[in-house]
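Q: Give the three-dimensional model of this entry:
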Amino acid sequence: MALIFSETVHATAIIDPEAVLAPDVQVGPYAIIEGPVHVGPGCVIEAHACLCGPLTLGRNNLVGHGAVLGKSPQHRGYRDEPTGVRIGDDNVFREFVTVHRGTVQGLGETVIGDGNLFMCNSHLGHDARVGDGCTIVNNALAAGHVVLDDGCILSGNTAVQQRVRVGRLAMLGGMGASSKDIPPFILQQGYNCVTGLNLVGMRRAGLSNQAVAALRQAFRILYREGRPISAALDRIAADFGEVAEVHEFVEFIRASRIGINPARSSERENYDVH
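A: Numbering: from 1, shown residues only. Here you go, the predicted structure:
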């Protein structure tokens, strides 16, 4: 490794000769870039951050103070294979975020899309897949092989178990945890407990009134009528399957390998919690 100084790279930063940085990349004091790391235009690497290759960063990403991207996975079978991390554009990784590389037992790389926000101390495990526009709040933990679909939210101090998938615009409320898949548009709180629809998130994303109304009915059929899941999904598909969001909801659950969680017992559907 070498000390490199320029108008955009601090004199105390350590950058590996294998690293390739766009000319305008800013690198702060004591940052470390080791191995085959590719950093695209407009990226900012703040003080004490650590980037470990193989790692690719797209355009306009912010890597905050003390964040560590691309370190080896926390996996007992890892034997220093050259697995990696691939990150898109316009992501923010705040202070002390950790993102681990993939494994040969998994998909070989951890992949993050565009426009995601990882808040302080959040963690993304090996072989995870993150779509676009997700929000991972302070101290949230997503284990290995987790899939986070577009626009989902993991609130503060939450935990998602290995191989769980969190659907589009779904939300796991603060201090919650899930060992099963969370369908699109669902709000889940506590431990493995569905509490309603993420109405606020759906409205912010611009879902139509028709889609929201159909999802309300789908929620009622699946979670409140006591039907077997397969029968409930058949009924939902028959009654509301022409609505794209309902079709997405049904197909997500049908494709789940680990199942979904039940709803909280209540006389009132808790749709309005967000």
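Q: and the helix or strand in which Gly201 is found, how far from the chain's centre?
A: Gly201 belongs to helix 199-204 when assigned by DSSP states H and E. Per Cα atoms, centre = their mean, to the nearest Å, the displacement of helix 199-204 from the mean C-alpha position of its chain is 18 Å.
Q: Can you identify the element that follows it toward the C-terminus?
A: Next along from helix 199-204, by DSSP H and E: helix 209-223.
Q: Quick check: buried residues in that next one?
A: 211-212, 214-216, 218-219, 221-223 (16 or more other Cβ atoms under 10 Å). Bear in mind the C-beta positions are built from the backbone N, C-alpha and C, glycine included.
Q: a markdown table for the residues you listed, including pLDDT and distance to Ser178?
A: As requested, the buried residues of helix 209-223 are exported to a markdown table (pLDDT from 0 to 100; distance: Cβ to Cβ, whole Å):
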| residue | pLDDT | distance to Ser178 |
| --- | --- | --- |
| Ala211 | 99 | 24 |
| Val212 | 99 | 23 |
| Ala214 | 99 | 25 |
| Leu215 | 99 | 20 |
| Arg216 | 98 | 22 |
| Ala218 | 99 | 20 |
| Phe219 | 99 | 17 |
| Ile221 | 98 | 22 |
| Leu222 | 98 | 17 |
| Tyr223 | 98 | 16 |
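Q: if we can go back for a sec, would you indicate which residues of the helix holding Gly201 are buried?
A: 199, 201-202.
Q: And for stretch 12-23?
A: So stretch 12-23, judged by 16+ other Cβ under 10 Å, has buried residues 13-16, 19-21.
Q: try stretch 93-110
A: Those buried within stretch 93-110 under the rule 16+ other Cβ under 10 Å are 93-94, 96-103, 105-106, 108-110.
Q: to the chain's geometric centre, what's the distance from it?
A: That offset, for stretch 93-110, works out to 11 Å (Cα atoms, centre = their mean).
Q: on that earlier part again, now, the buried residues of stretch 93-110 that are in strands?
A: The strands in this structure, assigned by DSSP state E, contain 93, 98-100, 109-110 from those.
Q: Identify, from those, the entry nearest to Asn157.
A: Thr98 (15.6 Å; Cβ to Cβ).
Q: Return the residues in contact with the closest one.
A: 67-69, 71, 122-124 (Cβ atoms under 8 Å, 6 or more residues apart in numbering).
Q: ok so, going back, and which of the buried residues of stretch 12-23 is nearest Glu251?
A: For the buried residues of stretch 12-23, the nearest to Glu251 is Val20 (40.3 Å; Cβ to Cβ).
Q: dump the residue contacts of the closest residue to that closest one other than its chain neighbours.
A: Leaving aside its chain neighbours, Val20 sits nearest to His38 (4.9 Å; criterion: Cβ to Cβ, 6 or more residues apart in numbering). The contact partners of His38, by Cβ under 8 Å, 6+ apart, come to 19-20, 53, 55-57.
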